[in-house]
Structures are given as structure tokens and as C-alpha cells.
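Peer 1: Just to be clear, the model below is a prediction. Sequence and coordinates:
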Amino acid sequence: MNTSDVPPQAEPLPFHLRGNYAPVTNEVTAFDLPVQGAIPRELRGRYVRNGPNPKTGQSPHWFLGDGMLHGVAVADGRARWYRNRWVRTRAFVEDAQWLGEGGTRDLTVGKANTHIVAHAGRLLALVETSFPTEVTNDLDTVGCVDFDGGLTTGMTAHPKICPRTGELHFFAYSFMPPFLTYHRADAGGRLVQSEVIDVPGPTMIHDFAITERHVVFMDLPLVFDLELAMAGNLPYRWSDDYGARVGIMTRHGAAADVRWFDVAPCYVFHVLNAYDDEQGVVVLDVVRYPKMWPLGSSGTSPGRLHRWRIDPGRGQVSEQPLDDRAIEFPRCDERRVSLAHRYGYAVYTEQGADDATGTSLIKYDLRAGTSAAHEFGPGRIPAEPVFVPASAAAGEDEGWVMAYVYDAARGSSDFVILDAVEFTGKPVATISLPQRVPFGFHGSWIPDAA
Ligand SMILES: [Fe+2]
């Protein structure tokens, strides 16, 4: 055979385009889904999860696909519908570019692929580079939200809603000054505070935290890299020189109040929760990676649950590992955000690599120092767990934990509801979905209006 007849060897697909990371191609609507078990009748609302799903089938990085929402609505013990919808951003509809001529940023352009959060009567699909995108209860796109013109930065995909005040706290980071800006909207959704926070340089800041008295920022050594940006990839890489620090600002305080404390270099995508303890120490539970993206937006080591105790009186931070296992997607009862939490939930990611495929969810009892794992069985891979209380007055773990679970043998997905107290027991309900739900990022339970 002539060597010119040999077909070129195809490059192996990157992990985020293979298996259950691969995008789906259709928007599906299905009603009255089959249920095994019994959906609790107290559950009336929708679980909606966001994730990247490139419309072209291609994207240079997992984080860069067009946002797609997958929702399941339940009421009266029935699974009323499943639907998946792309978020109709300007990037999706017009192929608009977020970086304009001369490096200017267009904040109305973004992939809206990371999270979905309800606040002040609006459902916001979020990506950290850009303005939020409002969607309807049926997951149709309304458009960009800029807080009546008040917002002049993007918005993190991990805003925090204070359960006491109803305020929405958030921030934005940028590779151009200002590198970090904090914002607060009141319970009615009006932007009431914006503060430029001084940091040494442009870093990627994915999450933050609030406590009853503080706002907590993490400035960690994933630094902006122009060469990566020019190559069209995610423009952040590890720096051995930048250092690492956490900052605390008094709630309703000003940028000048922020106090920074050095920590050992590491990276954190996600915070489980934070609170002020009785001694005035800020307790911050995070999934900590010893190093992230040494070669530029790829390569990592396992992330593990750690507790930082930031003591403003002594000017010190202590760091304590809480578990040996690799985990991600930590969540707590949203009613405990900013307050002391006892329980947390996470995905066990086994080896902690980019295409990690653990088959269990973990429930932590952080007061007792114990944990329990719900094992879904071979080839059944759960996504982010979201806790929903049984009632407004229910105890911290009295309720359910819900997640999409991919079934590799069937090539399809289920929506699974666990009893959070009987966490290792049989699922309360398993709802079969009409198509595969690709691995994605974050979601919320959105109760029906009373
Ligand atoms: Fe995230």
C-alpha cells in the first residue's frame, strides 16, 4: 500500500468531547416521565442545571461551550416534565465575540454555561466573564441583565444569597483593571454597592464566600497569560511567583477595609460554605488543589476538602485537611450559607483527574467528623448534589439530595432523589430521562411560587 493512502491518524478527542462529556444535539421536551419509587409530595418546583454544550460540537476547553440548561419539574408526586434548552446568548445566536477590536470587552456576550440561580423573581444563567442571562421557568431565554445599567463588570457564577437578608453578594474578576470588583444587590434585585478590591494582578477567581459579618475573597496563583489568550484557549496558568492569599472585608464595608492573609499556594474552584465562629474566626471550607494548570488550562491533582480558619485577631490562617478523598462540587443547605453548617455534600471524583468518574456522592457531618457515601453502582456516575429541605422549618439535613446520574451501560441519565438523612439507603425516587444529560457544572432547586 502506498503510504499516501494511509488515512491521517485522528487526534484523540479531548476528554470534554468524549463519553458523557460530549454535547447532545437536540432540545427535547417530555412530559410525565417514568418514576421508580415515589417523588415526595412536598417537592413542588424545578431542578435546573447548567453546563457547556457547544452547538458546533467543538470547543477548545470544557469551560468554553455554549450553556445548556437541563430541567426537571416535579409536583404532586409526578415528574411533570424534562426539557433541555441552550441559553440563547449573543454568542449562541449571532456568534458574537466577547473580545472586541483593541481588546475591549463586550459584557453582553458570554456562554452563560456555569450555573443558574434564582434571585428577586429572576432566574439567572451565569458565566463569570459576562452579564447574567435571564431565562424563564420553561428555560427560554429573556436576555442580559445589567441591573438597570448599574453593572459595569461581569458576574461570578457563584453569587451568594444571604438567607437572613435576601441580599445577593457577588464579584467579578477581569484581566484588565479593575481586576476584582465586589457587588451587592438588595433583596429586591437592585444593585446597591460596587467596590473595586485591590489585588496585585489579574487572576482567575471562580468562587468566594460570605459569613454573617464578612465577605471572603481568594486571590490564588492562576494568572492571566496573554500567549494563551492569543491562542484562543483559556488564558490562565499556574504561577510559582504570584503567591496566594485570602481577604476578608466587613459586610457593608468598603474596599479599604479588606485585610489579606497569606496562605500556602493552591487553587480553589469551590467553597462549601463559610461562617464566623464564636471567637471571631472566619471558618472557610473549600475543595483545595495543591496545584492547578501548570501547563496552562490543563493538568491538575486531586482536590480535597480543607478547612481554613482565618483569625483576624492574630493575623493568621490555619489550614486543615478534612478528608483524604478527591471530591468536587461541594454544596450545603442554602439556608446555612454564611452561617455555621454541620452538613455538606459533594461528588467523589476518585482519581481527581479532568475526566474523573466516581460513582458515589458523599455526605459530610462536619461536626461529628464523619461521612457517608451513597454508591450508585458500576457505571452510574452522579453529578453535583443539591440539597432541598423538606420544609422551611426542617432541620439542616431533613430533606432530599438531588442529582443527575449518568448510566454508562444505557448511555442515558436519571434524575435521582435521595433522602438526606438515610443517605446510603435506596433512592426515594429515580426518574428516567428521555436523553443523556452531559456532565456539566452547577444547578439549583427552584421552588414553585406559593
Ligand atoms: Fe463552579
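Peer 2: Great, that's in hand. Residues are numbered from 1 along each chain as shown.
Peer 1: When you work out contacts or count neighbours from here on, use the C-alpha atoms and nothing else.
Peer 2: Fine.
Peer 1: all strands of the stretch 51-200 of the chain, in order?
Peer 2: For the stretch 51-200 of the chain, the strands defined by DSSP state E, counting those that start in this stretch occupy 67-75, 78-86, 115-119, 122-126, 133-135, 141-144, 160-161, 168-173, 180-185, 191-196.
Peer 1: mind exporting the fourth one as PDB, just the C-alpha atoms?
Peer 2: This points to strand 122-126. Provided in PDB are the C-alpha atoms of strand 122-126 (Å, rounded to 0.1, in the frame of the first residue of the first chain):
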ATOM      1  CA  ARG A 122     -35.500  36.300  38.200                       C
ATOM      2  CA  LEU A 123     -33.700  33.200  37.000                       C
ATOM      3  CA  LEU A 124     -30.200  34.000  36.000                       C
ATOM      4  CA  ALA A 125     -27.900  31.800  33.900                       C
ATOM      5  CA  LEU A 126     -24.400  32.700  34.800                       C
END
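Peer 1: That one pairs with which strands, parallel or anti?
Peer 2: Using DSSP bridges, the strands paired with strand 122-126 are strand 115-119 (antiparallel), strand 133-135 (antiparallel).
Peer 1: Let me see the mean pLDDT of the first one.
Peer 2: I take that to be strand 115-119. For strand 115-119, the mean pLDDT works out to 98.
Peer 1: can you give me the angle it makes with strand 168-173?
Peer 2: Using axes from the mean of the first three to the mean of the last three C-alpha atoms, to 10 degrees, the direction of strand 115-119 lies 140 degrees away from that of strand 168-173.
Peer 1: which outside residues touch strand 115-119?
Peer 2: Contacts to strand 115-119, defined as C-alpha atoms under 8 Å, 6 or more residues apart in numbering, come from residues 48-51, 123-127, 157-158, 161, 168, 187, 189, 441-444, 446.
Peer 1: Put the alpha carbons of that strand into PDB.
Peer 2: Extracted C-alpha coordinates of strand 115-119, given in PDB (Å, rounded to 0.1, in the frame of the first residue of the first chain):
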ATOM      1  CA  HIS A 115     -24.800  28.000  37.000                       C
ATOM      2  CA  ILE A 116     -28.400  29.100  37.300                       C
ATOM      3  CA  VAL A 117     -29.600  31.000  40.400                       C
ATOM      4  CA  ALA A 118     -32.900  32.500  41.300                       C
ATOM      5  CA  HIS A 119     -33.000  35.900  42.900                       C
END
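Peer 1: Check the offset of it from the chain's centre.
Peer 2: Average the C-alpha atoms of strand 115-119, do the same for its chain, and the two points are 11 Å apart (C-alpha atoms, centre = their mean, to the nearest Å).
Peer 1: cool, the last one as well?
Peer 2: Strand 133-135 has its average C-alpha position 17 Å from the chain's average C-alpha position, going by C-alpha atoms, centre = their mean.
Peer 1: Now do it, average pLDDT.
Peer 2: Mean per-residue pLDDT for strand 133-135: 98.
Peer 1: what's the answer for stretch 406-423, then?
Peer 2: So the average pLDDT for stretch 406-423 ends up being 96.
Peer 1: Can you show me the helices along this structure?
Peer 2: 90-94, 226-230 (DSSP state H).
Peer 1: Can you tell me which of the ones you listed has the worst average pLDDT?
Peer 2: Mean pLDDT across those is lowest at helix 226-230; the value there is a mean of 83.
Peer 1: How about that one, which residues are buried there?
Peer 2: Within helix 226-230, no residue is scored as buried using 16 or more other C-alpha atoms under 10 Å.
Peer 1: contacting residues for residue 68?
Peer 2: With contact set as C-alpha under 8 Å, 6+ apart, residue 68 has these partners: 50, 51, 52, 53, 84, 85, 86, 87, 113.
Peer 1: hmm, back to that, mind giving me TSV with the strands of the stretch 51-200 of the chain and columns for distance to residue 38?
Peer 2: Listed next are those as TSV, based on distance: least, C-alpha to C-alpha, whole Å:
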stretch	distance to residue 38
strand 67-75	11
strand 78-86	8
strand 115-119	26
strand 122-126	28
strand 133-135	29
strand 141-144	32
strand 160-161	31
strand 168-173	34
strand 180-185	39
strand 191-196	42
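Peer 1: That concludes my questions; thank you for your assistance.
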